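Trainee: pasting the sequence and the predicted model now:
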Amino acid sequence: MLEQVLQHLEVLVSHDTRNPPRAITTGGIFEYIRTQLPDFRVEVVDHGAGAVSLLAVRGAPRRIFNVHLDTVPSSPAWTGDPLKLRVTADRAIGLGACDIKGAAAALIAAAQVTQGDAAFLFSSDEEANDPRCIAGFLAREHGFSEAIIAEPTQGQAVLAHRGISAVRMAFTGQAGHASAENALSLSAVHNAMRWGTDALAYVKAQNHLRFGGLTGLRFNIGRVEGGIKANMIAPSAEVRFGFRPLPSQDMDALHAQFRGMANADALAEYEETFRGPSLPSGDVARAEERRLAARDLADGLDLPIGNAVDFWTEASLFSEAGLTALVYGPGDIAQAHTADEWVSLEQLQGYA
């Protein structure tokens, strides 16, 4: 079946689904998939801004496979055309081949040589932290109880991963000459830096926490902007940071902790710009119950179970909605988003 998988993958890679700019329509890659699944009931929905989903159902399945078709932008470091699939003795190279068009190609190929019940949800907005497609699907009466979300997991079932939250903080100060005695307290940049120091110390103190093979709290200050010049007290500053909690950690409590570290007189805004729940979702007891249900699903399908992972996936959205969810796909996350991205032929064959 590998030959058929590669034929589909060549076409899927050739369709430009880079996100951004997410110039994706209901035609193109979605029209190709529609034509390859003639015995499925197919519904294509345009959610706006290049977010498109295709739901294909055959029979009356209770389990759905989800694959996102959008990719990250390609970098100048590619040694060939990123939209032209190259196949060597052991790998397929192309933009999205690993993350995660390889899984889409394998599912299409498998569907064409089988006749049983099956359901696929293809989406195009995963890479922008803007899950319109999944939100739209979960808001409807869909009738599914299990979901397998394709991401590069080296052909192992992943039952747990971190949540994710992104935040923008705005600090305000009082402009003035830097020689002023109170410059240390009036500067917006100084207050932002003090907050950063306290936040880093707090995160380091969480290293003892454990959940399903994951340890500690992942945290990153991604951007700091502010001030005018060295001899002026900074009147404003902005900090962009993100954190990835364990499934057992309370997201709102962490936000309260980080917000409380800032000087209240200097903090003008604290805005969460994106949130994705952990997998499995829920409080500690509920999360463990859902993890065990996902393990039973993996065992029932004879899937090898891998370790929990630090990266976030949309499987958590399905879990939050009450479905038993796990992550399973060909490819290694270390190859995702890289120049000359590739997936091994062995894993493509195994996934199909």
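Mentor: Structure received.
Trainee: which regions of the stretch 1-150 of the chain lie under the pLDDT threshold?
Mentor: Counting by pLDDT under 70, the stretch 1-150 of the chain shows no low-confidence range.
Trainee: so which residues of this structure form helices?
Mentor: 2-14, 29-36, 102-112, 132-138, 183-186, 188-204, 251-260, 284-300, 315-320, 345-351 (DSSP state H).
Trainee: can you pull the domain assignment for the chain?
Mentor: 2-155+329-351, 164-276 (automatic domain parsing).
Trainee: closest one to Ala237 among the helices of the chain?
Mentor: Judged by CB to CB, the one of the helices of the chain that comes nearest to Ala237 is helix 188-204, at 4.0 Å. Placement of C-beta: from N, CA and C, glycine included.
Trainee: show me what that closest one is packed up against.
Mentor: With contacts defined as 3 or more CB pairs under 8 Å, 6 or more residues apart in numbering; DSSP states H and E, helix 188-204 has these neighbours: strand 164-172, helix 183-186, strand 218-226, strand 236-244, helix 251-260.
Trainee: avg pLDDT for the shortest one?
Mentor: Averaging pLDDT along helix 183-186 yields 94.
Trainee: and among the domains of the chain, the most buried is which?
Mentor: domain 2-155+329-351 (a mean of 19; mean count of other CB atoms under 10 Å).
Trainee: just how off-centre is that domain within its chain?
Mentor: 14 Å (CA atoms, centre = their mean, to the nearest Å).
Trainee: got the end-to-end distance for it?
Mentor: Criterion CA to CA, to the nearest Å; first-to-last residue distance in domain 2-155+329-351 is 10 Å.
Trainee: turn the helices and strands packed on helix 188-204 into JSON lines, columns for distance to Ala315.
Mentor: Shown next, in JSON lines, are those (distance: least, CB to CB, whole Å):
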{"stretch": "strand 164-172", "distance to Ala315": "13"}
{"stretch": "helix 183-186", "distance to Ala315": "46"}
{"stretch": "strand 218-226", "distance to Ala315": "18"}
{"stretch": "strand 236-244", "distance to Ala315": "15"}
{"stretch": "helix 251-260", "distance to Ala315": "17"}
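Trainee: looking at the ones you listed, which one has the lowest mean pLDDT?
Mentor: helix 183-186 (a mean of 94).
Trainee: for that helix, packing partners?
Mentor: Using 3+ CB pairs under 8 Å, 6+ apart as the contact test, the elements touching helix 183-186 are helix 188-204.
Trainee: compute the inter-axis angle for the helix it packs on and strand 164-172.
Mentor: 150 degrees (axes from the mean of the first three to the mean of the last three CA atoms, to 10 degrees).
Trainee: what's helix 188-204 in contact with?
Mentor: Helix 188-204 is contacted from outside by 169, 171-173, 183-185, 216-217, 219, 221, 224, 226-227, 234-239, 241, 243, 257-258, 261-263, 266-267, using CB atoms under 8 Å, 6 or more residues apart in numbering.
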